[in-house]
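Enquirer: Sequence isn't available, so here's the structure alone:
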C-alpha cells in the first residue's frame, strides 16, 4: 500500500468531486435503502445503460488527491514526530505484513510544487490532501507549540493551489496518529483522544480555515477501526477483535462530531465552510441476482455492517443500525439519547470512499453467495434512498496500481472509466443526485452435449417373460399366469423417449446442423477395446437415426474435455497413466476414433476430433506439462484425421476438424506497442499454436513449413533465459510428425464468445518468482463499460469479425471456416433480451465478415440448445421447466429463414414491433390464460342461454299472435254469413 512510484503524479488517487449546484432535490424518505435491490439492474443492451455518452453539469468539480502518510515522505525531517505508521512499518513485529515504509514515499513534502504543476497539467479544479498530525504537533498535543515548518509548508501549498484556481479540500486525519498518543493513551481505544482531536481540529480551522472551504475530519474510520485495532493489518497493528474495534469506532464517531460542532459554533459564521467525514463502502448483489426479501435483507445487513455502521449515527437516526446492534449485542457501545441528537446531522455533505480496500475487506461481510462488485452507481443509489438524498462528494473512486507497472497502469484506466461513467449514469438516468459539487446460406445449427442419459432399458417389457392377470381376487394385485411365457421386446430407438422430444425442440429452431459430443469414458471405460459399451453406441446410433428422419445433419465431437478433475473426460485408466502427458493416450485416441468411425460414420457428415484443446491445457499449471499436453493433443488429432482419410473418407465422405476456443484479443492500451505485441502473442498462443502446425502460415502455400509459430518459439526462448531455465519448454516435432500434421483440417472450427483486453506482464526474474504468469505472458482483463452478462461475458460483436479476419488472413481463404459455438448466458426465463441482442449483433458481424471481407465463412452454431437447470445459455428452458422456448428462438429462426438481414420494409416493421414495450394487458391475459378461457366460456354460455331464452320468448309470442289471427279468420268464415241475395221472407 505504501509503495508508490515516482513521479508524484503516479501516486495521485482519482477523486470524483461532485461539487455542482442547481440540481433539484427528489423527495426521499429515510431507511429505504433496501429498495435499490428491488429496482432492475441496468440493461446492458439498452443505450446509455451500459455506457452513457454525455457530459457532466457545468459546475462539476474534477479533482485528484493524496494523503500525507502515503506521499509526503520526510518522515523525520524538519521537526516531524513519528506516526503509528512509521512505527508499524519500521517494527520487526509486522515485517511480514508491512515491508514497505513511508520514509520517502513520493517525496511530496519536498516536491509539493511539482504536485501542483501536475494538477494544473491535468486540468483539475480541486485537490484533496491531508494534514499530518505528527508533523504539525510531534507530541500530539495541539495546546502546545506547533511545528512552524509544517505550518509554513501547508500554508504555501494552500496558497499555491488558490493561485492556480484549484480548490483545496483538506482532511484532518488520514490514519497517521502521533505515535506518542498511541503509547501514552492506547490510541483511539481511549476516549481522551476525542478531546485531543477536537483541539487539533480547532487549531487547523483557526490557522488554515480562512483559505479552506471544504474540510474532512477523517478518512474511512471503518478501516482505522477494523484493520488497525481488530485484525492488526494496519497500524497500530493491534488484534483485539470486535471488543477493540467497536470501541475505537465509537470514539472516532464522537471525535468527528465534536470537531464538527466546534467548527459549526466557532468558525462557520466567519469562514462559511463545510465539514464532513469520508466513509468507505463496498457493494453487494444478491445471490444469483435473485432479489427475494431474504436475499435483500442479507445485502442490506452487509452494507450496514460497513457503511451504515458510521453513516447511520451521522446521517440517519443518530444510532447504529438495528442489524448491527443485534449482531454485536453487549460488545457494542451505546449512545445516550442526548448523544444521539448531538451526533446526528454532523455532516454538511456525504463524502464517499469507494476503492479496493473496502472491496477486499468486504469479502468477510458477504454470506450466502452474495457477490461483491465495484458498482459505484448502485452505492450512490443506496445512499440516496437510505439517507434522504444527501449531497454527495465521491472523494475516492479509484484503484491502486502496483509500483511495478510504472506508467502502464492499464487496469486503473479502465476502472477509472467505469467509475466516472457510473457517476454520470447516476446523474442522468435512474438516480438524480443533488450534487454539491443474410447469414449462413449453407448451415445454421445449435450444439448440445448428452449427459446423464440412462442407456439401459428399465421397463419390465424388456426383461420379464410373464403374462399377468389383475384384480382376480378383488384386491387389485397382479399375479403371473402359470405356464404362459411371453417374448420380451427387442431394444428399439423408440425406447429412448427423450431423444425424439429433444430433437424436435431443435428442429423447431429452423437450424439444419446439430452438434453433439460422444462420451469417450462411457464408450470405452477402460480406454481400450477390451470393454466396449455397446448400449452407449446403440444410443448414439439412435440419435443419428432420429436426426436422419428429421432431415438434419450431425456434427459429432469425439472428445469433449470436461476440464474437471480427476479424469478430464478421459477414461480413468488413461488419466491414471498420465493422460495427455503420456504418448500412449495419443494411440488410445486413434483406436477410439477408429471404433466411432466404424460404428457411427455412415450417418456423420462432420467430425470434430477434440473440442477446445487450447482450453484443456489450461488445467496444467506447469509450463512444461502444458506444452507437452498441447503437443500430444495435436498428434492425436492428426492420427485420427489420417485414419479417417485412409479408411473411411472414400465412402463416408465426412469432413474432419478440431474446434478451438477463439476469443478476440484487443490491446488494453492501443497507444502502447507492448500491448499491441501482447495481443498478437495471445492470439498466436491461443490459435497459432494449434493451427500453424496443421496449416503452416498460409494454407495456400502448400510447401510452407508446418511448426509452432516462430514468434511463439522466440518468446519462450527469451523468457527461459530471463527465468534462468536451460531452454524452452516447447517440444519439437520430428519430420515424420510434421508430415503427419500437415493439412489435417477439412475446415477450420472456431468457438467464439467474447473479446479480451490484453496487456503484458513485466519480464523480471523477481516477478516470475512471486507468481508464474500464463505461458503467453499476457494479463487478461475486460473493459468494465462493455455490456456484459451475469456471468461476466462481455458482448463485443465486432470481435467475431476481427478474429474471423485474422484467421482468414493468416491461413488463407481456401478452407471454409465454421463458428461451431457462440452464445451468451441470459438469466431471463423467457424474455431473453440479452441473447436476442447477441444473436442479431454477432450474426450481423459474421455476415459482414463473409460479404464485405470475403471470409470463407460457412456456418454458425448457437451455444446451446437447452438449459440443464436454471436459465443460462439455452434457447429452451430445462426439462424441469417444461422445455419452454425462449423469445430468442423467434429471432434465430427469423434470421435463418431470411438467410441473414435482408433490406425489407416488412422486416423492419416486424423488428420495430418487437422492440416496442410489451402490452401489459396481453401479459396479464397470458399469465392468467386458464382463468381467461374459463371466463370466456362462461360469457359464451351466458350469451347462448340469453339467445335461447329470447328465441323461446319470441317463438311463443309469435305462436300466440298466430292463433289469434286464425281464430279471427275462422270467425269471419263461420259466424258471419255473407249473402249476395236479399233475405227471403216467409
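Expert: Sure, I can see it. Every value quoted in this text rests on a predicted model; they were computed, and no experiment measured them.

Enquirer: From residue 836, how far off is residue 825?
Expert: Applying Cβ to Cβ, to the nearest Å, the value for residue 825 to residue 836 is 14 Å. Using the backbone N, CA and C atoms, a C-beta is placed for each residue, glycine as well.

Enquirer: which residues in the stretch 401-550 of the chain form strands?
Expert: Assigned by DSSP state E, counting those that start in this stretch, the stretch 401-550 of the chain shows strands spanning 445-449, 466-470, 478-485, 513-517.

Enquirer: who does the longest one pair up with?
Expert: I take that to be strand 478-485. Take DSSP bridges as the rule and strand 478-485 pairs in its sheet with strand 466-470 (antiparallel).

Enquirer: Can you list the neighbours in contact with the partner strand?
Expert: With contact meaning Cβ atoms under 8 Å, 6 or more residues apart in numbering, strand 466-470 is reached by 476, 477, 478, 479, 480, 481, 484, 485, 486.

Enquirer: quick one: buried residues of it?
Expert: The neighbour-count criterion (16 or more other Cβ atoms under 10 Å) identifies no buried residues in strand 466-470.

Enquirer: What's the mean pLDDT across that strand?
Expert: Taken as a whole, strand 466-470 has an average pLDDT of 76.

Enquirer: Which parts of the stretch 451-600 of the chain are helices?
Expert: Using DSSP state H, counting those that start in this stretch, the helices of the stretch 451-600 of the chain run over residues 497-507, 520-523, 534-549, 572-576, 583-600.

Enquirer: List of residues touching the last one?
Expert: Just to be clear, that refers to helix 583-600. By Cβ under 8 Å, 6+ apart, the list of residues contacting helix 583-600 from outside reads 518, 520, 523-524, 527-529, 532, 537, 540-541, 544, 556, 558-559, 570-571, 574, 577-579, 607, 609, 632, 635-636, 639-640, 643-644, 647-648, 652.

Enquirer: redo that, cut-off 6 Å
Expert: Under the contact criterion Cβ atoms under 6 Å, 6 or more residues apart in numbering, helix 583-600 has outside partners 520, 524, 527, 537, 540, 558, 574, 579, 632, 635-636, 639-640, 643-644, 648.

Enquirer: low-confidence ranges in the stretch 501-650 of the chain?
Expert: Flagging of the stretch 501-650 of the chain using pLDDT under 70 yields the residue ranges 565.

Enquirer: For the host helix or strand of residue 660, what is the distance to the chain centroid?
Expert: Taking DSSP states H and E as the definition, one finds residue 660 inside strand 655-661. Using Cα atoms, centre = their mean, to the nearest Å, the distance from the centre of strand 655-661 to the centre of the chain it belongs to is 28 Å.

Enquirer: Residue 254 should be in a helix, yeah?
Expert: Yes: assessed with DSSP: H, G, I helix; E, B strand; the rest coil, residue 254 lies in a helix.

Enquirer: Counting neighbours, what do you get for it?
Expert: Neighbour count for residue 254, taken as other Cβ atoms under 10 Å: 23.

Enquirer: now residue 584
Expert: When counting by other Cβ under 10 Å, one arrives at 14 neighbours for residue 584.

Enquirer: For it, give its distance to residue 283.
Expert: 52 Å.

Enquirer: And residue 875, by the same measure?
Expert: From residue 875 to residue 283 the distance is 33 Å (Cβ to Cβ).

Enquirer: Which secondary structure element is home to the residue minimising distance to the centre of the chain?
Expert: The chain has residue 792 as the residue nearest its centroid, 2.3 Å off, counting by Cα atoms, centre = their mean. Using DSSP H and E, residue 792 falls within no helix or strand.

Enquirer: Nearest spatial neighbour of it, chain-adjacent residues omitted?
Expert: Once flanking residues are discounted, residue 792 sits nearest to residue 782: 7.4 Å by Cβ to Cβ, 6 or more residues apart in numbering.

Enquirer: Thought residue 793 was touching the one you found, still the case?
Expert: No: checked against Cβ atoms under 6 Å, the pair residue 782 and residue 793 is beyond contact range at 9.0 Å.

Enquirer: What values do phi and psi take at residue 392?
Expert: Phi and psi for residue 392, reported as degrees, to the nearest 10, are phi -120, psi 140.

Enquirer: in the sheet, who's paired with it?
Expert: Judged by DSSP bridges, the bridge partners of residue 392 are residue 350, residue 435.

Enquirer: distance of it from residue 256?
Expert: As judged by Cβ to Cβ, residue 392 and residue 256 stand 18 Å apart.

Enquirer: angle of the helix or strand containing residue 896 against helix 497-507?
Expert: Assigned by DSSP H and E, residue 896 belongs to helix 888-898. Relative orientation of helix 888-898 versus helix 497-507 (axes from the mean of the first three to the mean of the last three Cα atoms, to 10 degrees): 60 degrees.

Enquirer: Which neighbouring elements make contact with the helix or strand hosting residue 819?
Expert: Element membership for residue 819 (DSSP H and E) is strand 817-822. When contacts are defined as 3 or more Cβ pairs under 6 Å, 6 or more residues apart in numbering; DSSP states H and E, strand 817-822 sits against strand 748-751, strand 857-862.

Enquirer: again, only this time at 7 Å
Expert: Applying 3 or more Cβ pairs under 7 Å, 6 or more residues apart in numbering; DSSP states H and E, we find strand 817-822 packed against strand 748-751, helix 798-811, strand 857-862.

Enquirer: Downstream of that strand, the next helix or strand is which one?
Expert: Counting by DSSP H and E, the next helix or strand C-terminal to strand 817-822 is helix 833-851.

Enquirer: Pull out the buried residues from that following helix.
Expert: For helix 833-851, the neighbour count (16+ other Cβ under 10 Å) marks 833-850 as buried.

Enquirer: How about stretch 117-130?
Expert: Going by neighbour count (16+ other Cβ under 10 Å), the buried part of stretch 117-130 is 118, 119, 122, 124, 125, 126, 127, 128, 129, 130.

Enquirer: Looking at the residues you listed, which are in helices?
Expert: 118, 119, 122 (DSSP state H).

Enquirer: would CSV of those with distance to residue 300 and pLDDT be doable?
Expert: Converted to CSV, those look like this (distance: Cβ to Cβ, whole Å; pLDDT from 0 to 100):
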residue, distance to residue 300, pLDDT
118, 41, 91
119, 39, 91
122, 38, 86
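
Enquirer: Looking at those, which is nearest residue 103?
Expert: Residue 103 lies nearest to residue 118 out of these, by Cβ to Cβ, at 22.0 Å.

Enquirer: mind checking how far the closest one is from residue 64?
Expert: Computed as Cβ to Cβ, the residue 118 to residue 64 distance reads 8 Å.

Enquirer: returning to what we had before: compare residue 392 and residue 256 (neighbour count), which wins?
Expert: Per other Cβ under 10 Å, whichever of residue 392 and residue 256 has more neighbours is residue 256, with 29 against 26.

Enquirer: per-residue confidence at that one?
Expert: As predicted, residue 256 sits at a pLDDT of 98.

Enquirer: what about residue 319, how many residues close to it?
Expert: Other residues close to residue 319 by other Cβ under 10 Å number 17.

Enquirer: For it, give its distance to residue 329.
Expert: For residue 319, the distance to residue 329 - Cβ to Cβ - is 15 Å.
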